[in-house]
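**Q** no FASTA, just this:
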C-alpha cells in the first residue's frame, strides 16, 4: 500500500482510493453539512450550475462564496459554522477549487472520500480500510499549491502509515514544521484571506482546525449533470 | 519582490524571472558542461530530436539517458561527471523532465536561468539582481512532485529573502527538515533510482549535492526548432 499526494489538480495522480482536501473551506463545510443532517451535497464549479439546482427552496439550500463573500441570492456562504443544522434534504454548493479537485479525483479513482481536519481520523481509517493505494488530491488555489491543503494531506499520509511518494513525504515533513493545525492554517494564503476579511471569517480558522470531531466519511457517489454528488455511506 | 515555486510543470506559474531545477541530473549536468567549456547546450525532450542535431561529431556531442542508462549511439550519458571537459562547441542533450520544465518556463518568463546546487549562490544572486518576481520551476518526474527538485527550490527561495508564496514557504520548510543537501537527494525517488543502479551512478548524488562550487549562470536564449538553447551570459 502506498500513499501519494497531488498538491494541485493538474498533476497526473491516480489510485484506487482518492481523498480530496479543500480544508479552507469547502471540504470542512461538506463534512459539517452532512454531519448536521443534509442528505446530500451537490458541488458545482459554476455559480449558475448551482443556482439551476435550486428549483424548490423546500428541497434545496444554496450555498457558496466568491472571494470570501456569500454569492448574491444564495441562502448561505461557505463557512462550516453556517451548516450546523440542515434546512433541506439537499445542499447545492458552488466551490471552484474544491469541485475541480473532486471531479478530477472521481475521474481517476474507484472511490473518492472527502477529507478535512474535522473528520481526519474517520476518513483516514476509511481510506486505509480498502488496502489499496491512496492518492490525496489537494484543491489548491487556482491550480497552485495551497499550504493548508498540503498540511492536511500530510496529516492523512501520516495516519496511513504506508509507503510514501516523494510528495507524501514532503507533506509529512511540512506537518512536522508546524506546532499545530491552526498555526498551519493561519500561515496559508487561504487562511490569511479569511483573516483579512475580519473576525467573522477569521473564526472559521480555529473551527476548521479542530481535529477528528466528526465521524463522517463523505463519499462522491457520481456526477449529476455538472454537479458532483456527495453522500455519507 | 516575491518568490513562488511550481513543484510540477503543469501548474500555472509565471513571473518575469524563471529558475529551472532538475537537480538529478539534467540541470547539474548543464551547469557542469557549460562551466567545462561547452559553448551551448541544446536540450530536447525527444531522443530523435537530439540525434538530428548531431550532424557533425566535431561540432556536436550527444548526451542523454533513459532510465539511468546512456542512450544507444549517444556519446555520453547524463552524469555531470562525464562533462568535466568539452569535446565540441555544442552539447545536444535529450532529457524529458528537464526540457519540459525549461520550455514551460521560457513560455512564461522574460528570462530563464538554470539552477542546481553546483551553482546555487551564483544563480540565486542573478535571480535576485533583476528585482522582479521569481518563479522556480521544478522539473519533477513525469509531471509529479520530486523531493530533490523541491529541496533545491527551497534553497533558492531561502537565498532570495523576499515575500514567499505558499509553495515557496513549503519548500523552505522542507529544506529545514533535512540535515544536508545530500540527505535530501538520497531520500528522493530520483536519488533512490541512482542508488539502485549501483555505485557508479550513486556517486552522482554527492557530486550533485556539492553547493556553490560553480560560478556559472546558464540562461535559456531561445528555441532552436525542438531544442531549448542554453548559454552562459
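**A** Thanks, I have it. This one's a predicted model, so the numbers in the text were calculated from it and none came from an experiment.
**Q** Tell me how many other residues surround residue A:70.
**A** The local packing of residue A:70 (other CB atoms under 10 Å in any protein chain shown) involves 17 other residues. From N, CA and C alone the C-beta is placed, and that goes for glycine too.
**Q** what's the answer for residue A:22, then?
**A** Neighbour tally, residue A:22, other CB under 10 Å: 33.
**Q** Regarding the residue nearest the centre of chain A, what is its secondary structure?
**A** Nearest to the mean C-alpha position of chain A, by CA atoms, centre = their mean, lies residue A:27 at 2.2 Å. The three-state label given to residue A:27 by DSSP: H, G, I helix; E, B strand; the rest coil is helix.
**Q** So for stretch A:114-127, first residue to last residue, what's the gap.
**A** 10 Å (CA to CA, to the nearest Å).
**Q** Show me the contact partners of that stretch.
**A** A:17, A:19-21, A:23, A:27-28, A:30-32, A:35, A:80, A:102, A:113, A:134, A:136, A:152, A:155-156, A:159-160, A:181, A:208-220, A:230 (CB atoms under 8 Å, 6 or more residues apart in numbering or on different chains).
**Q** Looking at the residues you listed, which are in helices?
**A** Among the contacts of stretch A:114-127, the members falling in helices (DSSP state H) are A:27-28, A:30-32, A:35, A:102, A:152, A:155-156, A:159-160, A:181, A:208.
**Q** The contacts of stretch A:114-127, buried ones only, as a ChimeraX selection?
**A** Buried residues within those, by 16 or more other CB atoms under 10 Å in any protein chain shown, are selected in ChimeraX with:
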select /A:17,19,20,21,23,27,28,30,31,32,35,80,102,113,134,136,152,155,156,159,160,181,208,209,210,211,212,214,216,217,218,219,220,230
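**Q** looking at chain A, which helix or strand does the model trust least?
**A** Within chain A, no helix or strand scores below strand A:69-70, which has a mean of 86 by mean pLDDT, DSSP states H and E.
**Q** Just give me how far it sits from the chain centre.
**A** Put simply, strand A:69-70 sits 18 Å off its chain's centre (CA atoms, centre = their mean, to the nearest Å).
**Q** helices and strands around the helix or strand just after it, which ones?
**A** Toward the C-terminus, strand A:69-70 is succeeded by strand A:90-94 as the next helix or strand (DSSP states H and E). When contacts are defined as 3 or more CB pairs under 8 Å, 6 or more residues apart in numbering or on different chains; DSSP states H and E, strand A:90-94 sits against helix A:26-35, strand A:40-44, helix A:47-53, strand A:60-66.
**Q** what mean pLDDT does strand A:90-94 have?
**A** The predicted model assigns strand A:90-94 a mean pLDDT of 96.
**Q** cool, stretch A:150-157 as well?
**A** What stretch A:150-157 shows for mean pLDDT is 98.
**Q** So is that stretch next to chain B?
**A** Yes: contact of stretch A:150-157 with chain B (CB under 8 Å from any CB of the partner chain) involves residue A:150.
**Q** contacting residues around residue A:130?
**A** Neighbouring residues of residue A:130 by CB under 8 Å, 6+ apart: A:16-17, A:111.
**Q** Quick check: it vs chain B, distance?
**A** 22 Å (CB to the nearest CB, to the nearest Å).
**Q** Over to residue A:41?
**A** Separation of residue A:41 from chain B (CB to the nearest CB): 26 Å.
**Q** is it true that that residue touches residue A:34?
**A** Yes: in this structure residue A:41 lies within contact range of residue A:34 using CB atoms under 8 Å: 6.5 Å.
**Q** who has more neighbours, these two?
**A** Neighbours per residue, other CB under 10 Å: of residue A:41 and residue A:34, the larger number sits with residue A:41, 28 against 25.
**Q** residues in contact with the more buried one?
**A** Applying CB under 8 Å, 6+ apart, the residues near residue A:41 are A:30, A:33-34, A:90-93, A:218, A:229-231.
**Q** from those, which two are the most distant?
**A** A:92 and A:218 (15.1 Å; CB to CB).
**Q** can you count the residues close to residue A:89?
**A** 13.
**Q** mind checking how far stretch A:77-96 is from the chain centre?
**A** That offset, for stretch A:77-96, works out to 13 Å (CA atoms, centre = their mean).
**Q** Endpoints of it, how far apart?
**A** End-to-end for stretch A:77-96, by CA to CA: 13 Å.
**Q** how about that stretch: buried residues?
**A** Buried, per 16+ other CB under 10 Å, within stretch A:77-96: A:77-80, A:82-83, A:86-88, A:90-96.
**Q** how much space is there between residue A:36 and residue A:118?
**A** 11 Å (CB to CB, to the nearest Å).
**Q** Comparing the two, which shows the higher neighbour count?
**A** residue A:118 (26 against 16).
**Q** In this structure residue A:110 contacts residue A:133, no?
**A** No: when contacts are counted by CB under 8 Å, residue A:110 is not listed as touching residue A:133 (10.5 Å).
**Q** Can you pick out the residue with more neighbours from the two?
**A** The neighbour comparison of residue A:110 against residue A:133 (other CB under 10 Å) goes to residue A:133, with 17 against 12.
**Q** what sits against the closest residue to that one other than its chain neighbours?
**A** Among residues not flanking residue A:133 along the chain, residue A:15 sits closest, at 4.1 Å (CB to CB, 6 or more residues apart in numbering or on different chains). Residue A:15 sits next to A:2, A:4, A:108-109, A:132-135 when contact means CB under 8 Å, 6+ apart.
**Q** Report the buried members of the residues you listed.
**A** For the contacts of residue A:15, buried by 16+ other CB under 10 Å: A:4, A:108-109, A:133-135.
**Q** so which of the contacts of residue A:130 also contact chain B?
**A** Restricting the contacts of residue A:130 to those near chain B - CB under 8 Å from any CB - leaves none.
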